[in-house]
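Asks: Whatever this is, show me its structure:
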Amino acid sequence: QVQLVESGGGLVQAGDSLRLSCVVSGLLFRSYAMVWFRQAPGKEREFVAKINGGGETTEYSDSVQGRFTISRDNPKNTVYLQMDDLLPGDTAVYYCAAGISYLYTATSDMKYWGEGTPVTVSS
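Replies: Predicted structure coming up:
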C-alpha cells in the first residue's frame, strides 16, 4: 500500500519560514519524481515545485522561485519543501505527489497523492 504523508504546515506570519515534509512508503522512492502542489480556497490545484528521482534536477513555479527549495532524502524516503519569506498569497493546502516521469507533472500525470497539510500566512 502506497502512502504519502505530509507534515509541517501551520499558521505563520508574512516573512516567516516553514519546512514541509512528505514521507513516502510502499514504492521504490528513488524511481519517482516528487512534486509539491498547492490549492488555495476557491482555486484550482497548482504546481509549486518538482524534483527528479536522483535529486539533481529541480523546477519551480514563478511565484515561488527564489523563496522555496525542494529537496529529497532518498534513504529516508522523504521529500521536503523549504519555504522562506512566506507571503499571504502562499496560503493553501500543500500536497506532495509522486509521478513516474519528471517531464510530465500535471495533476493528471501524478500517480500517488498525499492528503495535504495546510499553510496559513497572515499579514
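Asks: now the strands for this structure?
Replies: With DSSP state E, the ranges of strands along the chain come out as 3-7, 10-13, 18-25, 33-39, 46-51, 58-60, 68-73, 78-83, 92-99, 112-113, 117-122.
Asks: Among those strands, which comes closest to A106?
Replies: Nearest to A106, of all the strands of the chain, is strand 46-51, at 7.7 Å by CB to CB. Heads up, the C-betas are built off the backbone N, CA and C, glycines and all.
Asks: So for the residue nearest to the spatial centre of the chain, what's the nearest residue that isn't a sequence neighbour?
Replies: Using CA atoms, centre = their mean, the residue of the chain that lies closest to the mean C-alpha position is W36, 2.3 Å off. Distances taken as CB to CB, 6 or more residues apart in numbering put V48 closest to W36, at 4.3 Å, once the chain neighbours are dropped.
Asks: Count residues in the vicinity of the one you found, would you?
Replies: Neighbour count for V48, taken as other CB atoms under 10 Å: 24.
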